[in-house]
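1. no FASTA, just this:
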């Protein structure tokens with residue numbers, strides 16, 4: 001090996017070491033900046049009782065759609081008994097910025113919202129499901145029930161089965177696994193979901209499900225109660241219209257100043273220090289203690305934050321996104337998200353803007369929150385609570 005080759009090898013090694021040391025120093029500096037940003041004490045927005053008691057007067061730049069004036073929806077809104085929707089929680093989102101993702105965690109703790117119920121019947125009602133009742137004088141063997149479970153994905157919407165061993169026994173949800181360990185059930189309820197984000201169930205699929213049930217009871221010598229298909233389909237269409245009306249996302253954008261760029265390593269350091277976790281779909285997600293997603297942090301540009309390329313990634317902005325129908329107590333989570341957005345803006349030396357890249361003022365943020373509150377109230381009045389099990393099934 002010549003002296004030139006040895007020299008080149010040594011120079012190469014020195015360059016690699018220098019780059020590694022430089023990256024380590026950069027990461028250390030970013031982490032110190034992040035730590036400094038979170039050193040200040042902040043009130044816990046979600047746990048502070050003053051926040052939950054005082055009247056909400058915030059409003060924000062316009063939602064991207066207005067509430068419908070459809071007479072059918074007006075009837076739904078005014079009379080909960082005419083179209084009773086299940087106790088679900090819905091979160092509404094208005095876009096203040098282009099597609100965004102959840103804000104990073106703050107030093108504050110977000111309270112876990114529980115929708116635990118004493119019976120699965122409370123999670124599946126006729127407001128959002130087509131429910132059939134099957135009754136038998138004797139126990140229906142689990143081998144027969146297994147045939148029903150095998151067809152649960154054949155109707156365009158999810159099907160959930162509940163079972164009761166005896167009329168004095170509690171209802172329980174039946175899964176393929178639990179059915180294997182059971183001795184069978186005397187009473188069954190089949191709950192076919194009426195709508196989701198892809199639209200309402202079709203009348204054809206409702207009929208197919210009813211026919212399956214009638215064929216099943218004839219084989220096991222049981223009886224079945226099946227609601228009218230036409231009225232069930234009408235209810236599905238109305239439910240879908242209502243869900244579309246309240247299905248909104250709120251986004252907050254942070255963009256760089258003067259055409260500069262944010263580096264991926266600094267975004268990741270700040271996000272993880274805030275409590276976000278980068279997941280395989282390229283989004284930073286902030287979850288509560290029950291693993292429910294509260295909000296996300298997305299790249300303002302089209303490229304996702306993939307773990308393998310984030311070290312070399314640069315972007316002109318990030319977006320915080322809150323999926324309102326899927327988040328319980330959205331107004332509190334919204335406060336947490338905006339708090340984090342301001343920390344990101346200060347730490348990254350960026351600007352908080354709306355969809356049109358116009359600087360977003362506090363009054364603009366307040367308008368968004370006010371509309372979010374109005375949407376949540378509307379949903380609650382129609383027995384759909386944001387973040388509840390029913391809402392999580394409807395808004396998917």
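-> Ah, there it is. This one's a predicted model, so the numbers in the text were calculated from it and none came from an experiment. Numbers count the residues shown, from 1 in each chain.

2. sketch out the low-pLDDT regions of this structure for me.
-> For the chain, applying pLDDT under 70 flags the ranges 26-120, 122.

3. in it, which residue is closest to the centre?
-> Centroid check for the chain by C-alpha atoms, centre = their mean gives residue 326 as the closest residue, at 4.0 Å.

4. hang on, that one packs against residue 392?
-> Yes - proximity of residue 326 to residue 392 meets the contact threshold set by C-beta atoms under 8 Å, at 5.9 Å. C-betas here are computed from N, CA, C, even on glycine.

5. now do the contacts for residue 306.
-> Residue 306 sits next to residue 282 when contact means C-beta atoms under 8 Å, 6 or more residues apart in numbering.

6. again, but for residue 186
-> Counting by C-beta under 8 Å, 6+ apart, residue 186 has contacts 135-140, 164-167.

7. now residue 206
-> 130, 155, 192, 229, 232-233, 236.

8. double-check that it belongs to a strand.
-> No - Residue 206 is assigned helix when assessed by DSSP: H, G, I helix; E, B strand; the rest coil, not a strand.

9. neighbours around the nearest residue to it once chain neighbours are set aside, how many?
-> Closest residue to residue 206 apart from its sequence neighbours, by C-beta to C-beta, 6 or more residues apart in numbering: residue 229 at 5.0 Å. Per other C-beta atoms under 10 Å, the neighbour tally for residue 229 reads 15.

10. surely residue 229 is in contact with residue 203?
-> Yes - with contact defined as C-beta under 8 Å, residue 229 counts as touching residue 203 (6.2 Å).

11. helix, strand, or coil at residue 296?
-> With three-state DSSP as the basis, residue 296 sits in strand.

12. ditto for residue 190
-> Applying three-state DSSP: residue 190 is strand.

13. so who does it touch?
-> 131-132, 134, 148, 159-161, 209, 213.

14. and the helices in the stretch 51-200 of the chain?
-> 71-78, 142-149, 176-181 (DSSP state H, counting those that start in this stretch).

15. contacting residues for the residue nearest to residue 206?
-> 203, 206-207, 210.

16. restricted to buried residues, select these in ChimeraX.
-> Command for ChimeraX, covering only those of the contacts of residue 229 found buried under the criterion 16 or more other C-beta atoms under 10 Å:
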select :206,210
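
17. ok, longest strand in the chain?
-> strand 129-140 (DSSP state E).

18. tell me how far that one lies from the chain's centre.
-> Remark: strand 129-140 is offset 32 Å from the chain centroid, using C-alpha atoms, centre = their mean, to the nearest Å.

19. please apply the same query to stretch 379-388.
-> 14 Å.

20. end to end, how far does that stretch reach?
-> Distance across stretch 379-388, first residue to last, is 12 Å (C-alpha to C-alpha, to the nearest Å).

21. list the buried residues for that stretch?
-> 379-380, 382-388.

22. from those residues, which ones fall inside helices?
-> Among the buried residues of stretch 379-388, the ones falling in helices (DSSP state H) are 379-380.

23. what's the most distant pair in the buried residues of stretch 379-388?
-> 382 and 387 (15.2 Å; C-beta to C-beta).

24. report the contact partners of the residue lying closest to residue 208 once chain neighbours are set aside.
-> Excluding the flanking residues, the one nearest residue 208 by C-beta to C-beta, 6+ apart is residue 155, at 6.0 Å. The contact partners of residue 155, by C-beta under 8 Å, 6+ apart, come to 192, 201, 205-206, 208-209.
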